[in-house]
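Colleague: The amino acid sequence is not available; the structure is as follows:
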């Protein structure tokens, strides 16, 4: 076998000993640039672009890290010229005994040649070319550079290519901080990435790790005492990638970052607004909420958390990006149900009503449509605040009709709803389609003293060496989109939703919080959107196939999920009481008579015979019509 390989190699150009001028130059080493995303504290949250990182710089690594790979893969690495004749002879004998290719006998340099320039075909021609390229690599690069190329290209399983990626994937740390045991565990994987990685095959990895440590002792790079200490280590292995929770956010940011960076000719680092610990807490809260509602048909969900500047601090687009990568936080348009009612009530407050204005919960017919409440019967005369806290549908529908549905739609657009808003009578109960991101932006004005909030996620783009490519410009002063007294009155009513209304499960003792539940007809969508001073979180639960859930309301799992997310958020982000907003303007010296207040409790027009039936509001909080959803990818 050895002679056959040598004979085939001589027939190819590029081997030493050929006449001058016939040696071909090494092909160029190609590597697509990577886009590396980090959170607001510099923690790595994702990589897009090329599969491979740059060649590993051996110098900053602890000596035992590269030594572990050399000990198990190629003990004579530092003494051979690119190929190991003794190793080839040993492999040839094994192959002869097996009647095929049982062993390859490839050195680290030969593996680099194959990884960079060749394929995995097991042919004599490919093996000869591998030998030729290995010798050329040894002539063109130092041993440290070749080892760095090797460590940047090998497959470590679970989607990790290269040492640095593997170190982050399995141990959530850079390779420079690996322990002896962790280095040996990683060196165990390349022989069979699916068969020896510590997530899928922890026992096989442990057995091979022991072999690596034995080889390190035998080659003199590790003492027996150090080997014993390494075997006693109990590293934490991340069964899920540490940055898995951020994948939806990275998907959302990738295209935006590339547009700002321009044509990529080198790796870039994108510094984002995400807070990774909060992101993990939000993902865990969402997964728990979906799991808790599974028996009731809950299948998916989304969470968005913004701070008062609009910086995205958490964004979870589903329960598992690996199996369901569709980003429901930014792309899914769902009916908002009663979570839309704040825009209706804000419009009424701006028209002159107050939380104490009397209204009536009684049957109402608008253009042949009659909404119903969840609880049978009607409450009769109540205040506007009570109607809002109890999410009374009849009052919301009449209110929107009196102040004008076009005006309500304009209010929602002013605050940040960007999707089309229908102006049919059912719009007051959230018949329009919105995204969780849209709702977070719109509710942001309630949490920031009436200022417009626009979501953003990239603060700076730089090279790995620190050269700045793009920095977010200083934002213009936020636009005031809600004034007082309407803002303070609405916040008072939103607080009451949690204190005594449909959102009681969202309560955070000792915290000034406010929000609104939302549930659509047939329980297809359930929302809780709420805030404290400077933090806004929106939670949606539902199903991708738009099938009904079983009794899931915005005040149940969504409110509880919101509470868990916000509990983590207030421990991670600056927050405080909900701002009161600007002072109302002083009245003019000669104040004219105020405009008439819409008549919300006056007599109804005569209803038509047999008005169409309406679906009941779940917890006083649902939509009586269903709108077809767009196809999901």
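Modeller: Great, that's in hand. The structure presented is a predicted model; accordingly, all values stated were derived computationally and were not measured.
Colleague: got the domain boundaries for this protein?
Modeller: Domain assignment of the chain by automatic domain parsing yields the ranges 51-232, 279-459+477-572.
Colleague: Among those, show me which one is buried the most.
Modeller: domain 279-459+477-572 (a mean of 22; mean count of other CB atoms under 10 Å). C-beta here means a position set from N, CA and C on the backbone, and glycine is covered the same way.
Colleague: now that domain, how far from the chain's geometric center?
Modeller: Put simply, domain 279-459+477-572 sits 21 Å off its chain's centre (CA atoms, centre = their mean, to the nearest Å).
Colleague: ditto for stretch 139-148
Modeller: Computed by CA atoms, centre = their mean, the chain-centroid distance of stretch 139-148 equals 38 Å.
Colleague: From one end of that stretch to the other, what's the distance?
Modeller: Taking CA to CA, to the nearest Å, stretch 139-148 runs 16 Å from one end to the other.
Colleague: hmm, back to that, can you list the domains of the chain in CSV and add distance to residue 581 and mean pLDDT?
Modeller: Listed next are these as CSV, based on distance: least, CB to CB, whole Å; pLDDT from 0 to 100:
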stretch, distance to residue 581, mean pLDDT
domain 51-232, 42, 90
domain 279-459+477-572, 4, 96
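Colleague: Tabulate these (JSON lines), appending distance to residue 264.
Modeller: Putting those into JSON lines (distance: least, CB to CB, whole Å) gives the following:
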{"stretch": "domain 51-232", "distance to residue 264": "14"}
{"stretch": "domain 279-459+477-572", "distance to residue 264": "15"}
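Colleague: Out of the ones you listed, which gets nearest to residue 43?
Modeller: Among those, the nearest to residue 43 by CB to CB is domain 51-232 (8.7 Å).
Colleague: can you give me the helices in the stretch 501-633 of the chain?
Modeller: 557-572 (DSSP state H, counting those that start in this stretch).
Colleague: Nearest to residue 249, out of the domains of the chain?
Modeller: domain 279-459+477-572 (4.3 Å).
Colleague: now the end-to-end length of the closest one.
Modeller: 11 Å.
Colleague: My read is that residue 163 contacts residue 174, right?
Modeller: No: look at residue 163 against residue 174 with CB atoms under 8 Å: they stay out of range, at 9.7 Å.
Colleague: coming back round to it: between the domains of the chain, which one is closest to residue 266.
Modeller: Closest among the domains of the chain, once you apply CB to CB, is domain 51-232, at 9.2 Å.
Colleague: pretty sure residue 242 belongs to a strand, no?
Modeller: No: assessed with DSSP: H, G, I helix; E, B strand; the rest coil, residue 242 is coil; it does not lie in a strand.
Colleague: which residue sits closest to it in space, ignoring its chain neighbours?
Modeller: Leaving out its chain neighbours, the residue that sits closest to residue 242 by CB to CB, 6 or more residues apart in numbering is residue 172, at 4.0 Å.
Colleague: rewinding a little: quick one: closest of the domains of the chain to residue 30.
Modeller: domain 51-232 (8.4 Å).
Colleague: Please state the offset of that closest one from the chain centre?
Modeller: 33 Å.
Colleague: Between the two ends of it, how far is it?
Modeller: Start-to-end, domain 51-232 (CA to CA) is 34 Å.
Colleague: Ok, stretch 517-533 next?
Modeller: 19 Å.
Colleague: Next: stretch 326-338.
Modeller: End residues of stretch 326-338 are separated by 25 Å (CA to CA).
Colleague: Numbering from 586 from now on, please.
Modeller: Done: numbering now begins at 586, and the last item shifts to stretch 911-923.
Colleague: Shouldn't residue 631 be within a strand?
Modeller: Yes: assigned with three-state DSSP, residue 631 falls within a strand.
Colleague: And the closest residue to it other than its chain neighbours, what's its pLDDT?
Modeller: Once flanking residues are discounted, residue 631 sits nearest to residue 835: 3.6 Å by CB to CB, 6+ apart. Per-residue confidence for residue 835 comes out at a pLDDT of 98.
Colleague: ok so residue 835 is a helix residue?
Modeller: Yes: according to three-state DSSP, residue 835 belongs to a helix.
Colleague: so which of the domains of the chain gets nearest residue 625?
Modeller: Using CB to CB, these put domain 864-1044+1062-1157 closest to residue 625, at 7.5 Å.
Colleague: Which residues are in contact with the residue nearest to residue 827?
Modeller: 821, 823, 827 (CB atoms under 8 Å, 6 or more residues apart in numbering).
Colleague: backbone phi and psi for the first one, please?
Modeller: The reference is to residue 821. phi -80, psi 120 (degrees, to the nearest 10).
Colleague: burial measure for it, as a count.
Modeller: By other CB atoms under 10 Å, the residues close to residue 821 number 10.
Colleague: How about the contacts made by it?
Modeller: 756, 757.
Colleague: show me where the stretch 886-1035 of the chain has strands.
Modeller: Under the criterion DSSP state E, counting those that start in this stretch, the stretch 886-1035 of the chain contains strands at 897-901, 919-920, 943-946, 965-968, 1018-1019.
Colleague: contacting residues for residue 928?
Modeller: So residue 928 contacts 993, 996, 997, 1000, 1002, 1027 (CB under 8 Å, 6+ apart).
Colleague: Out of those residues, which is nearest to residue 801?
Modeller: residue 1027 (59.3 Å).
Colleague: wouldn't the closest one be in contact with residue 1003 here?
Modeller: No: counting by CB under 8 Å, residue 1027 stays clear of residue 1003, with 9.2 Å between them.
Colleague: ok so, going back, which of the strands of the stretch 886-1035 of the chain sits closest to residue 1153?
Modeller: strand 897-901 (8.4 Å).
Colleague: by contact count, what packs against the closest one?
Modeller: Other elements packing on strand 897-901 under the criterion 3 or more CB pairs under 8 Å, 6 or more residues apart in numbering; DSSP states H and E are helix 832-846, helix 861-877, strand 885-892, helix 1142-1157.
Colleague: how about the strands of the stretch 886-1035 of the chain in a markdown table, adding distance to residue 1117?
Modeller: Listed next are the strands of the stretch 886-1035 of the chain as a markdown table, based on distance: least, CB to CB, whole Å:
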| stretch | distance to residue 1117 |
| --- | --- |
| strand 897-901 | 13 |
| strand 919-920 | 24 |
| strand 943-946 | 28 |
| strand 965-968 | 25 |
| strand 1018-1019 | 22 |
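Colleague: Residue 986: which of those strands is closest?
Modeller: strand 943-946 (12.8 Å).
Colleague: circling back: could you measure from the residue nearest to residue 827 over to residue 825?
Modeller: 11 Å (CB to CB, to the nearest Å).
Colleague: With residue 955 instead?
Modeller: 50 Å.
Colleague: show me the contacts for residue 759.
Modeller: Residue 759 neighbours (CB under 8 Å, 6+ apart): 749, 752, 753.
Colleague: Residue 720 is in contact with residue 726, correct?
Modeller: No: between residue 726 and residue 720 there is no contact under CB under 8 Å: 11.7 Å.
Colleague: where's the residue nearest to residue 631 relative to residue 629, distance?
Modeller: With CB to CB as the criterion, residue 835 and residue 629 are 10 Å apart.
Colleague: what residues are shared contacts of the two?
Modeller: With CB under 8 Å, 6+ apart as the test, residue 835 and residue 629 both reach 622, 828.
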